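Visitor: Predicted coordinates and the sequence they were generated for:
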Amino acid sequence: MPYVARWSRGAAGALLLLASAAHAQGLLIADSGTPYTADQATQGRPLYVQTCQSCHGAALEGTQFGPALTGAVFEGHWRGRTRAAFSQQIRTTMPPGRLGSLSSEAYANVESYILQANAGAAPADARAAPRPQNQAAGMMGAMQRPDKDPQYLAALKSHTDKLSALTSVTDAALQHPAAADWLMGRRTYDGLGYSPLSQINRSNVQHLRTAWSWVLPPSVNEMTPLIHDGVLFVSSGPAVQALDAATGDLLWQYLRSLPSGQGFGSSHGRALAIYGEKLFAPTADGHLVALETRTGHLLWDHEIVPSGAAGGGLALNGAPIVVKGTVIIGVSLGVGNPGGCFIVGLDAGSGKEKWRFHTIARPGQPGGDSWNGAPVEERFGGGVWTIGSYDPALDLVYFGIGNTYDTATLLEPRSGSASVSSNDGLYTDSTVALHPDTGALAWYFQHQKRDVWDLDWVFEQSLVRLNVAGRPKMLVVTGGKTALFEAMDAATGAFVFSSDVGVQNLVTAVDPLTGEKQMNPAIQPEAGKAKLMCPNSIGARNWQATALNPDSGVLFVPVLENCADYTYTPRGAAQTAQGGLDMHFSSRPPPHHDGNFGRLVAIDLQKRQILWTHRQRIPFASSTLATAGGLLFTGDVDRYFAAYDQATGKVLWRTRLAAAPESSPVTFAAHGHQYLAVVAGSGSPMGSASRAFVPDVVAPAAGVTLIVFELP
């Protein structure tokens, strides 16, 4: 428990530490913390009334629900401490249950009001206050003065010792991680979602029980926890937190305030990254921050997506991967961003941008002439919202890229032209291999040309060594929303094979030598005509990652059986592209469907055939996790989390959670004991869309919880 929480009484009790007595300016040491102005204090008053007054009183006098914000107790606590500490205390505890719900500016205004109310006047130095830097708080950062509580001091030492024992994560550690650790989104550079731990296995999994749980700040959450040396790192809403992986004790937390008008409700952060002594976290306002792993202190903050209209709706909804000191992450969405999305490489030490790869090809580049003659400013999309993979032997990093966000650019003749030509739309629906030091393109393979159905191929790139023509070869295996999976030579991008799960009607045939696809003429867009498309635009599979056992060569895929009736509305030859799909989808079950929408499929990649299929009425919600114990873990939208036998698909264990686990489960070990962890609650758009097929399944009220399981 953090030091600050010792002072809490009731829902708002942490504000006991918020204000000084009658001379606030004399109590707080002048430091780099922001000075305040009379105008800030004036703006802070209505915020205080709305947010704080019910507990702390109209005159800061206190009530039965919260202590006074003036008086000798506050003077004794705050005398000689800094404005930065004062600001940190408010932002890491308030409002109760709604951390981060105020903007950075709003927090500064409330702080100013409280200080002015205690001082009686604005400070003489009334310089404009800069935006405060976010601070870390917890066992390492909140302790500001000696404490005589022996139990507190013992807990502090225990937590300090735990954090001090964290080792530096080297390039070698990322290439060959300890079996106990989970160091990146899919655990390893090959992106398999596989753990070599086997303490939990087929013979004992039925005995799994809850070890501990931890409520996270609310947000749309698709998070993958990371674990290193027995410390678990997780992010949700405004918070990045470090927890003792064995006990669930909070070791530190970093909280971020957003600019006015922004919130965490649509943030889809999927994973963090760790390298050296730094933890890297994407933020809801389009930044990537580096935090010190032992303290949570902010080391650098780099803006990737500009704020406001300049950002064009771009977002960091993916996860970073660190390769040889370069932090690499893709940018997604940007329906209103001309020129499309991109992937950036940042220096892990400084946060400075080293390179940028545009996922929409530019004129003069390979694929630059594949946009129907449209200028760059009329090319949209190419989002990247999943973590990349990396092959150290080839020194290449692999990413999947999404579809166009403006179908008219590829479907309709340009003004002054009678026809449409060269409209593959690179690099949409492609796998790209990049050199991690420079971002230069090594090769690309386009899985779906001219994707105007929003059926992108943007998902994980699994690296696996399989026998091809009698010889082992490293392959990149990936699949799009159609659940059609393809394998390419990792070194060259040459097509090797495809495997169809059997739930799509878009592709009728694939050339076994080139991967060239024959498209179903019945689903081609025609103005005003309804067409049956399977799957619909949410996909037969989406961001929920597959898992691949490298020893057996079996790929495990969660599938949603669904279709849509769609219509295409042309804009006309004189249109000017503004971004946005011109397709209108109405979701529906597949024809003659039996009501089982959830499908879990095991594909033997070596034999290129389906090993087994498990079907159920309830759609699946989470990524899959495979382990050396012969188990496969995944969850569904009806809040069930289950373990399956990898060999047969038989359910071996199942438990019901407080909310659907619309996230990525992980497994790890601490003190020689294996654990299983999953985040439940406030799930993804995929969960909301799939519940439409099972209307009796209702999502609970918003809430996010990390649950950790263990054997007795």
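Guide: All right, it came through fine.
Visitor: Which neighbouring elements make contact with the helix or strand containing Y444?
Guide: Here Y444 sits within strand 441-446, counting by DSSP states H and E. Counting contacts by 3 or more Cβ pairs under 8 Å, 6 or more residues apart in numbering; DSSP states H and E, strand 441-446 packs against strand 430-434. The C-beta positions use only the backbone N, C-alpha and C, and glycine is treated the same way.
Visitor: on that earlier part again, got the angle for the strand holding Y444 vs strand 430-434?
Guide: Going by axes from the mean of the first three to the mean of the last three Cα atoms, to 10 degrees, strand 441-446 is angled at 170 degrees with respect to strand 430-434.
Visitor: send the alpha carbons of strand 441-446 over as PDB?
Guide: What follows is strand 441-446, C-alpha atoms only, in PDB (Å, rounded to 0.1, in the frame of the first residue of the first chain):
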ATOM      1  CA  LEU A 441      11.600  -1.300 -46.400                       C
ATOM      2  CA  ALA A 442      13.200  -4.800 -47.000                       C
ATOM      3  CA  TRP A 443      10.100  -6.400 -48.600                       C
ATOM      4  CA  TYR A 444       6.300  -6.400 -48.600                       C
ATOM      5  CA  PHE A 445       3.600  -8.800 -49.400                       C
ATOM      6  CA  GLN A 446       0.100  -7.600 -50.100                       C
END
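Visitor: for the stretch 301-450 of the chain, what spans make up the strands?
Guide: For the stretch 301-450 of the chain, the strands defined by DSSP state E, counting those that start in this stretch occupy 314-315, 321-323, 326-330, 332-333, 342-347, 353-358, 389-391, 396-400, 430-434, 441-446.
Visitor: Which of those sits closest to D171?
Guide: Ranking the strands of the stretch 301-450 of the chain by their distance to D171 (criterion: Cβ to Cβ) puts strand 321-323 first, at 8.3 Å.
Visitor: Pull the residues that contact that closest one.
Guide: 174, 184-185, 189, 273-275, 280, 327-329, 348, 387-390, 397, 436 (Cβ atoms under 8 Å, 6 or more residues apart in numbering).
Visitor: 7 Å instead?
Guide: 174, 184, 273, 275, 280, 328, 348, 387-388, 390, 397, 436 (Cβ atoms under 7 Å, 6 or more residues apart in numbering).
Visitor: Which of the residues you listed are buried? Put it as a PyMOL command.
Guide: Buried members of those, defined by 16 or more other Cβ atoms under 10 Å, are picked up in PyMOL with:
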select buried, resi 174+184+273+275+280+328+348+387+388+390+397+436
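Visitor: can I get the contacts of strand 321-323 in JSON lines with distance to E412?
Guide: Shown next, in JSON lines, are the contacts of strand 321-323 (distance: Cβ to Cβ, whole Å):
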{"residue": "L174", "distance to E412": "46"}
{"residue": "M184", "distance to E412": "42"}
{"residue": "A273", "distance to E412": "41"}
{"residue": "Y275", "distance to E412": "46"}
{"residue": "F280", "distance to E412": "42"}
{"residue": "I328", "distance to E412": "35"}
{"residue": "A348", "distance to E412": "44"}
{"residue": "I387", "distance to E412": "35"}
{"residue": "G388", "distance to E412": "33"}
{"residue": "Y390", "distance to E412": "39"}
{"residue": "V397", "distance to E412": "35"}
{"residue": "P436", "distance to E412": "38"}
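Visitor: can I get the contacts of strand 321-323 in CSV with distance to L291 and pLDDT?
Guide: As requested, the contacts of strand 321-323 are exported to CSV (distance: Cβ to Cβ, whole Å; pLDDT from 0 to 100):
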residue, distance to L291, pLDDT
L174, 18, 98
M184, 16, 98
A273, 11, 98
Y275, 12, 98
F280, 8, 98
I328, 18, 98
A348, 12, 98
I387, 18, 96
G388, 21, 98
Y390, 22, 98
V397, 23, 98
P436, 22, 98
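Visitor: Show me how far the strand holding Y444 is from its chain's centre.
Guide: Centroid displacement of strand 441-446 relative to its chain, using Cα atoms, centre = their mean, to the nearest Å, is 25 Å.
Visitor: The very next helix or strand once past it pairs with which strands, and in what direction?
Guide: Toward the C-terminus, strand 441-446 is succeeded by strand 462-468 as the next helix or strand (DSSP H and E). In the sheet, strand 462-468 lines up against strand 471-479 (antiparallel) (DSSP bridges).
Visitor: can you state the direction angle for whichever helix or strand comes after the strand it pairs with and strand 441-446?
Guide: Using DSSP H and E, the helix or strand that follows strand 471-479 in sequence is strand 484-489. Angle of strand 484-489 versus strand 441-446, following the same axes, to 10 degrees, is 150 degrees.
Visitor: what about the stretch 201-350 of the chain, any weak spots by pLDDT?
Guide: Within the stretch 201-350 of the chain, the segments meeting pLDDT under 70 span 261, 263-268.
Visitor: which residues are contacting the strand holding Y444?
Guide: 357, 396, 424, 426-427, 429-435, 488, 492-493, 495.
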